[in-house]
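Chemist: Below is the sequence, then the predicted model.
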Amino acid sequence: MATGYLEARFESGGPLNESGTGPFSTKTIYVPVMSFKPSPGVSHLLRDDENRNQDQPLTALPEAYDPSHDLEVRLYPDATGFFFTHTLGLPATIAGVNSGTVADMFGSVIPGGCWRHRWTAPFGPSGAFPYTTTFRVAYKDQLAYFTMKGAGAQSVSLETPEKGGARLKVSGPALVMQGTTDHALSPAYETLSIAPFMKSSLSIPAWVGLNQVATEDFTVNIDNPMDSIRSLGIASFFPDRMEKADTPVTFTGSIPKRNVGTADYQALVNATSFAGTARWQNQSSIGTTTFKYAINMAFAALQYTDGGPQALENARNLGQDLTFRAAYDGVTASVVVELVNATSSYT
């Protein structure tokens, strides 16, 4: 097997461009990626439209670079917390206590040795800039090394397929990608004894029509719009600013049903708002406690946005495809995301 690694750390002082050098978060993670694809986004200046009395293609010149990244990792507890922070800003973190005064959103008491992290809409960080990361990438067998700075988590999805473990997919633009010498790092990963979240981890305790119709699948997508900008602050082939785009962080997803259900159909056509929750409970316990690693989500005002009954045909189980969007009802936060794990801080 090929050797290599992906190290990630937050740019705690704001997005880093080509001239930026830090500061960085204390929290560093080596991501056990299934895949990580860095792209330099090269644009060359083609000059074949120039009249030079040459009936041949002319040499191109570098003009602009717009790097981006695309990664996939199983839903391990620490990696999940890192990329939730990358997308939603720093969480409100509280340590569990053995006196029983700290609980998760479902009322389960969180003991000492565990930490509860919560991200509540509207999500951070405040201001014009998203939370960005520096990736240090090593293709060790090929003796190739790269540094990517100002990387944003623009598109995030949580998928829980039938087999293969739950997946976290993250992609977005970056400000810089450069080849470097050997980073000379010694990767240290989350221990192998901790399992990723799986299909068996997932339950949906509250959702419209749930008692009438079995849920077939559940996917959550997070859209965190951002723009890489050339502000002319520095002379560079790369963009020098990463800014939040105009629309807010939005949670959407899909929740196909195994049967056509009247409650879900009526909610779709009437744009009915309803509350919902989702819960992933890991098979692994945190440290020496009996408390299981957990991801919890609460949605205050869900609405179905698309879908409908599947085609009528000669089959016993005819379902309904549905997509949803989480919105603000004017009172309660549109989304609360909660993670309970063994990580004390993401700062």
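Modeler: Yep, it's here.
Chemist: For residue 90, give its distance to residue 245.
Modeler: Separation of residue 90 from residue 245 (CB to CB, to the nearest Å): 20 Å. (Each C-beta comes from the backbone N, C-alpha and C, glycine too.)
Chemist: Between these two, which has more neighbouring residues?
Modeler: When neighbours are counted by other CB atoms under 10 Å, residue 90 comes out ahead of the other of residue 90 and residue 245, with 18 against 12.
Chemist: Over to that one. Which of the three states is it?
Modeler: Residue 90 falls in the coil class when you classify it by DSSP: H, G, I helix; E, B strand; the rest coil.
Chemist: show me what contacts it?
Modeler: Residues counted as contacts of residue 90 (CB atoms under 8 Å, 6 or more residues apart in numbering) are 124-125, 131, 346-347.
Chemist: Which among these count as buried?
Modeler: Buried subset of these (neighbour count, 16 or more other CB atoms under 10 Å): 124, 131, 346.
Chemist: What strands flank whichever strand or helix holds residue 227, and is each parallel or antiparallel?
Modeler: Using DSSP states H and E, residue 227 sits in strand 226-229. Here strand 226-229 has these sheet partners by DSSP bridges: strand 241-244 (antiparallel).
Chemist: What's the mean pLDDT across the strand it pairs with?
Modeler: Rounded to a whole number, the mean pLDDT of strand 241-244 is 98.
Chemist: In helices, which of the buried ones among the contacts of residue 90 appear?
Modeler: Judged by DSSP state H, the subset of the buried ones among the contacts of residue 90 located in helices is empty.
Chemist: right, and out of those, which lies closest to residue 61?
Modeler: For the buried ones among the contacts of residue 90, the minimum distance to residue 61 (CB to CB) is 34.6 Å, reached by residue 131.
Chemist: if I look at that closest one, how far off is residue 118?
Modeler: Distance, residue 131 to residue 118, using CB to CB: 16 Å.
Chemist: show me what contacts residue 318?
Modeler: Here residue 318 is in contact with 259-260, 309-312 (CB under 8 Å, 6+ apart).
Chemist: do the same with residue 257
Modeler: Applying CB under 8 Å, 6+ apart, one finds that residue 257 lies in contact with 209, 213-216, 264, 319-320, 322.
Chemist: out of these, which are inside strands?
Modeler: Among the contacts of residue 257, the members falling in strands (DSSP state E) are 320, 322.
Chemist: For the contacts of residue 257, pick the one with the most neighbours.
Modeler: Neighbour counts for these (other CB under 10 Å) peak at residue 264, which has 25 neighbours.
Chemist: Give me the pLDDT value at it.
Modeler: Residue 264 is given a pLDDT of 90.
Chemist: can you check the one 5 residues further on too?
Modeler: At residue 269 the predicted local confidence, pLDDT, stands at 94.
Chemist: so who does residue 205 touch?
Modeler: Going by CB under 8 Å, 6+ apart, residue 205 touches 106, 277-279.
Chemist: Could you identify the buried members of the residues you listed?
Modeler: 277-279.
Chemist: what comes into contact with the helix or strand hosting residue 118?
Modeler: Using DSSP H and E, residue 118 sits in strand 115-120. Residues from elsewhere that reach strand 115-120 (CB under 8 Å, 6+ apart): 81, 84-85, 88-89, 91-96, 102, 104, 110, 333, 335-346.
Chemist: run the last query once more with 6 Å
Modeler: Identification of contacts with strand 115-120 by CB atoms under 6 Å, 6 or more residues apart in numbering yields 81, 84, 88, 91-95, 110, 333, 336-340, 344.
Chemist: buried stuff in that strand?
Modeler: Quick answer for strand 115-120 (16+ other CB under 10 Å): 115-120.
Chemist: Following element in sequence after it, please.
Modeler: Trace forward from strand 115-120 with DSSP H and E and the next one is strand 132-139.
Chemist: Need the mean per-residue confidence for the helix or strand following that following strand.
Modeler: Remark: after strand 132-139, the chain's next helix or strand is strand 144-152, criterion DSSP H and E. For strand 144-152, mean pLDDT rounds to 98.
Chemist: quick one, strand 144-152 and strand 132-139 angle?
Modeler: For strand 144-152 against strand 132-139, the angle by axes from the mean of the first three to the mean of the last three CA atoms, to 10 degrees is 160 degrees.
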